[in-house]
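# A structural model of the following input is requested.
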Amino acid sequence: MGIEIKEILAKKILTEAKGYLDVGFTHSLNPYSGCAFSCTYCYVREMPIQRFKEIPWGEWVDIKTNAAENYRKEMIKLRKKKNPINIFMSSATDPYQPIERKANITRGILEEMIETPPDFLQIQTRGPLITRDIDLLVKLKETCDVLVSMTVETDREDIKRIFAPYAPGIKLRTKALKEVHDAGIPTQASISPVLPFTPDFPKILDGIVDHFWIDTLNIGDGLMGKRSERLGMPQLFQEHGLSRWYQKEIHVKVENYFNKYFPREMIRVSKNEAFPG
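Next comes the predicted model:
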């Protein structure tokens, strides 16, 4: 799959948190537009940034070359208001997709954050490349609260290949989670969206995360399942004989199952508990 890569100058890098993130986060931060991981269920496919684009999702990435500079300038202004700044990175891209290895946009932002830290930073990714930046995360943790949230939507590689064939393997993600956790940085496994998993899933994550976050295609796509329906997710589940996993209450069953292995305070569910405050 060919990917069109462009360098752009972004007008802003911090976006005021609204909708799903308006539960404690104050801003989202997206170092890139577009995402090479190209997950079939990604709700961004149904957002204006993609719907009005001629190039299919997963086949284009815009690199925001001035992201770190913008962050510094915008933070200086925001700090004058003396309000808490809680950042979610990222809501519409992955900060550790393949191009980051060369572009270093996310790393540059983290370097700026060490100088001008937010109050809280959650990094949401499925990219094992995050381990490259453990040195910066350890430093940043001294000046603000940090949470590394790794998307691990299943423990089955065959299921991952159906729904997210271009995303990193599950074993690579759990290995990265362990490295980050062992470095003393708080970690979270984001089981989002819930995909079919084996009975051993909780055991695989035991000892490498501080929290779990559970969300589904029905309650977590920003439109109570309508975006997921438009993306053909019910049909995709059905085609592979997985329809029993596409239930509106599947998050309740998953929460109850994980509660057999972990205390309730370690488990968060959907929007109301998305902010780890």
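
# where along the stretch 51-200 of the chain do the helices fall?
Assigned by DSSP state H, counting those that start in this stretch, the helices in the stretch 51-200 of the chain fall at 67-79, 100-103, 105-115, 134-140, 157-163, 170-182.

# will you turn these into TSV that also has mean neighbour count, distance to residue 259 and mean pLDDT?
Backbone N, C-alpha and C define where each C-beta goes, glycine included. As requested, the helices of the stretch 51-200 of the chain are exported to TSV (neighbours: other Cβ atoms under 10 Å; distance: least, Cβ to Cβ, whole Å; pLDDT from 0 to 100):
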stretch	mean neighbour count	distance to residue 259	mean pLDDT
helix 67-79	17	39	97
helix 100-103	16	35	98
helix 105-115	20	34	98
helix 134-140	17	29	98
helix 157-163	16	22	97
helix 170-182	18	20	98
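
# what ranges in the stretch 1-150 of the chain fall below the confidence cut-off?
1 (pLDDT under 70).

# about what we covered before: including distance to residue 85, could the helices of the stretch 51-200 of the chain go into JSON lines?
Formatted as JSON lines, the helices of the stretch 51-200 of the chain follow (distance: least, Cβ to Cβ, whole Å):
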{"stretch": "helix 67-79", "distance to residue 85": "6"}
{"stretch": "helix 100-103", "distance to residue 85": "23"}
{"stretch": "helix 105-115", "distance to residue 85": "10"}
{"stretch": "helix 134-140", "distance to residue 85": "13"}
{"stretch": "helix 157-163", "distance to residue 85": "34"}
{"stretch": "helix 170-182", "distance to residue 85": "22"}
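
# and residue 148, which of these is closest to it?
Ranking the helices of the stretch 51-200 of the chain by proximity to residue 148 (Cβ to Cβ) places helix 170-182 first, at 4.9 Å.

# off-centre distance for stretch 163-177?
In terms of Cα atoms, centre = their mean, to the nearest Å, the centre of stretch 163-177 is set 13 Å apart from its chain centre.

# just the residues contacting that stretch, thanks.
Contacts of stretch 163-177 with the rest of the structure, by Cβ atoms under 8 Å, 6 or more residues apart in numbering, involve 1, 36-41, 58, 126-128, 130-131, 148, 150-157, 160, 187, 189, 195, 204-205, 208-209, 236.
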